[in-house]
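In: pasting the structure only:
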């Protein structure tokens, strides 16, 4: 699963779609996220029932993550700004 490093971005665009269609502009991280990280995770959840069974199954698929930085100081402000653009 790719993890894109957006920690160096000075200002997140108002249209978050711009970030999503240009993910190849950002470097990929090849390590675990540091403790206390702020990240966006893109995932899907599906439910299905197997043939001849009544029990529902759930599958989750994580597609990618975007590392925004550490949750302290300026990054907390960036995180709040980011949330206001996608909600």
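Out: Alright, I've got the coordinates. These numbers come from a predicted model, not from an experiment.
In: Any idea how many residues pack against residue 26?
Out: By other Cβ atoms under 10 Å, the residues close to residue 26 number 18. No exception for glycine: its C-beta is placed from N, CA and C like everyone else's.
In: who's in contact with it?
Out: Contacts for residue 26 (Cβ atoms under 8 Å, 6 or more residues apart in numbering) come out as 4, 5, 6, 9, 66.
In: let's see it at 7 Å
Out: Going by Cβ atoms under 7 Å, 6 or more residues apart in numbering, residue 26 touches 4, 5, 6.
In: Out of those, grab the one that's most surrounded.
Out: Of the contacts of residue 26, with other Cβ under 10 Å as the count, residue 6 tops at 22 neighbours.
In: Where does the residue of the chain most remote from its centre fall, secondary structure wise?
Out: Distance from the C-alpha centroid of the chain peaks at residue 52, with 36.4 Å (Cα atoms, centre = their mean). Following DSSP states H and E, one finds residue 52 outside all helices and strands.
In: gap between it and residue 46?
Out: 19 Å (Cβ to Cβ, to the nearest Å).
In: The longest strand along the chain packs against which elements?
Out: In the chain, with assignment by DSSP state E, the single longest strand is strand 56-70. Applying 3 or more Cβ pairs under 7 Å, 6 or more residues apart in numbering; DSSP states H and E, one finds that strand 56-70 contacts strand 3-5, strand 37-49, helix 74-86.
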